[in-house]
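Participant: model this:
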Amino acid sequence: LIILDKNFRSRKEILDISNLVFMRSMIPETGEIDYRNGHELRYGETYGKVAEPDPRFKTCINMIQGKGEQGKLLEAYTIASGIETLVKDEGYSYNDIVILTRTTNNPELEKILYERKIPVINNSGRGFFQSFEIRLILDLLRIIDNPFQDIPFAAVLYSPLCGASAEDLASVRLSGDEKDSLYECLIKYNEKNDKFTGFTGNFEKWRHLQSRMSLYHMIGYILEDSGLYNMITAMPEGENRKANILFLRSRALSFSKGSYSGIFDFIRYIKELEDSDIDFGQAEGLRDDMCAVRMMTIHKSKGLEFPVVFLAGCGKKYNETDINSGIVLDRRLGIGIERRDPGTRMIKRTILMQTIRSKQKENTFAEEMRLLYVAMTRAKERLIISGVNHRMLSDLRSFDSAVSNDSGPLKPYRVMAADSFLSLLGMTLYGRKEEGILYDIVITDETGPEEKRADEIADNLEDEFILNNIINEDIDTSDIEKQKAGTIP
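Facilitator: Numbering: from 1, shown residues only. Just a heads-up that it's a prediction; the model follows:
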């Protein structure tokens, strides 16, 4: 019997932090195995014998207080700055670095990397419709077909094609009446300002030409006439973006050969593909050996290794949609359904439903923990983790209470209280330094006092709502007796 218990991929500093996290959290009640019972990662001395950990290779965990797009942009800036430091000051190249994410949809991160001129290859196997250039072309087609759509119109104005800033968008919006569309506001804005008259003139020309040209030729004409084709080709990973554009035009050509051929029908066709979760993946325009940062999902990274790993989006909540639905299923226990009382219009969860939900939550949590394990162990030398949470500062207090001066594994209910990678890492690492294991937790707070006060009030209201529900909930003891007797209601 040969026991493969050594890791020959990573430095000891990476293995130590990974072991620390999972020795404290991966127990039979939460992770389905006892990590301490022979599952620890053992250093294979790939980097030689290590007497003392090297501070240059310590793990950094960036916990960012924020919400929505602003929080995601702040995380993206943190990642971009980290990449620039590694390349300029520490001798790494772009192709040493990977950014691992939970999903393929990361527009804020892509935007900041582009602005900082960091070359990126998206190896997610998906993301065609989420790529910057495809989103922009589709939004442009949408407003050529119907200019009274404010969201795509704002996206085009804000893009490099038009170059409007957030302040410009606000000025345009204020130029019209409350009921005016953004397009109508732009027409009124142009009466007093000439900043966007060039774009408006081109836009009206394209709208006029759509009835005279095929969809395939229309897209080609717009790309050339607007300079968008050259602009996109000149961007980082321009060859890959160029391949995406050519692929979109080929899809438009194929679509036009059918019974439908206009912009409206093509946009509807694309929407149906997106709604059906059909994605073509990024078109291949770059070689794998190109000097560029890789972006991929954690699932896609299984079996791979990288000198530097940025684990992004760790503040994203676990997906509990199925668990919280009105009907839950289990192969052994059966179907759990809410009990609805037409008279009182109250909804109650039966004991069977609660049992199934609890089991499903444990399974979900165990799978999420395994996913985090995969992500952390892809790193060979450096591991940088980041995530955004709008309740970060209040969560830090719960991290403190979870410590309880105990260096052993956390209590199962503490571990199960974590709802994201970031909160799990906070539970296991915050305030629990272990001798010889190097890591920094960096707290970033960019919220103003008004936002903090609003969040505090919202948190208090939520806690009060939950407490009132518990106090006022009617407990049906007959269900409990039937459950004890083996009769499932």
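Participant: residue ranges with poor pLDDT in this structure?
Facilitator: Low-confidence segments of the chain, defined by pLDDT under 70: 1-5, 51, 123-127, 236-237, 277-290, 400-407, 446-489.
Participant: in it, which helix is the longest?
Facilitator: Secondary structure of the chain per DSSP state H: the longest helix is helix 351-376.
Participant: so how far is it off the chain centroid?
Facilitator: Chain-centre distance of helix 351-376: 19 Å, with CA atoms, centre = their mean, to the nearest Å.
Participant: tell me which residues of it are tucked away?
Facilitator: Using 16 or more other CB atoms under 10 Å as the test for burial, helix 351-376 gives 352-353, 355-357, 359-360, 362, 365-366, 368-369, 371-373, 375-376. Where C-beta positions appear, they are placed from N, C-alpha and C, glycine not excepted.
Participant: repeat that for stretch 313-323.
Facilitator: Buried, per 16+ other CB under 10 Å, within stretch 313-323: 313-316, 318, 323.
Participant: also stretch 215-226?
Facilitator: Neighbour counts over stretch 215-226 (16+ other CB under 10 Å) mark 215-216, 218-220, 222-223, 226 as buried.
Participant: out of those, list just those in helices.
Facilitator: Using DSSP H, the buried residues of stretch 215-226 in helices are 215-216, 218-220, 222-223, 226.
Participant: and for Asn193, nearest residue in space, chain neighbours not counted?
Facilitator: In space, and not counting its chain neighbours, Asn193 is closest to Ser171: 8.0 Å by CB to CB, 6 or more residues apart in numbering.
Participant: hmm, the one you found is touching Lys188, no?
Facilitator: No. Checked against CB atoms under 8 Å, the pair Ser171 and Lys188 is beyond contact range at 11.0 Å.
Participant: what do those two both touch?
Facilitator: The overlap between the contact sets of Ser171 and Lys188 (CB atoms under 8 Å, 6 or more residues apart in numbering) is empty.
Participant: about what we covered before: sheet partners, orientation included, of the next helix or strand after the longest helix of the chain?
Facilitator: On the C-terminal side of helix 351-376, the nearest following helix or strand under DSSP states H and E is strand 379-389. Its sheet considered, strand 379-389 pairs with strand 59-65 (parallel), strand 306-311 (parallel) by DSSP bridges.
Participant: and of those strands, who's closest to Ile347?
Facilitator: strand 59-65 (34.7 Å; CB to CB).
Participant: quick one: which of the buried residues of stretch 313-323 is nearest His390?
Facilitator: Gly315 (8.6 Å).
Participant: tell me the spacing between that closest one and Tyr77.
Facilitator: From Gly315 across to Tyr77, the span is 15 Å (CB to CB, to the nearest Å).
Participant: adding distance to Lys179, write the buried residues of stretch 313-323 out as JSON lines.
Facilitator: Below are the buried residues of stretch 313-323 laid out as JSON lines (distance: CB to CB, whole Å):
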{"residue": "Gly313", "distance to Lys179": "38"}
{"residue": "Cys314", "distance to Lys179": "42"}
{"residue": "Gly315", "distance to Lys179": "38"}
{"residue": "Lys316", "distance to Lys179": "37"}
{"residue": "Tyr318", "distance to Lys179": "41"}
{"residue": "Ile323", "distance to Lys179": "42"}
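Participant: now, these that are in strands?
Facilitator: Judged by DSSP state E, those include no members of strands.
Participant: what's the closest of those to Lys72?
Facilitator: Nearest to Lys72, judged by CB to CB, of these is Gly313 at 8.2 Å.
Participant: from Arg249, how far off is the residue lying closest to Leu223 once chain neighbours are set aside?
Facilitator: Excluding its sequence neighbours, the residue lying closest to Leu223 (CB to CB, 6+ apart) is Tyr229, at 3.9 Å. Tyr229 sits 11 Å away from Arg249, going by CB to CB.
Participant: swap in Gly38?
Facilitator: For Gly38, the distance to Arg249 (CB to CB) stands at 56 Å.
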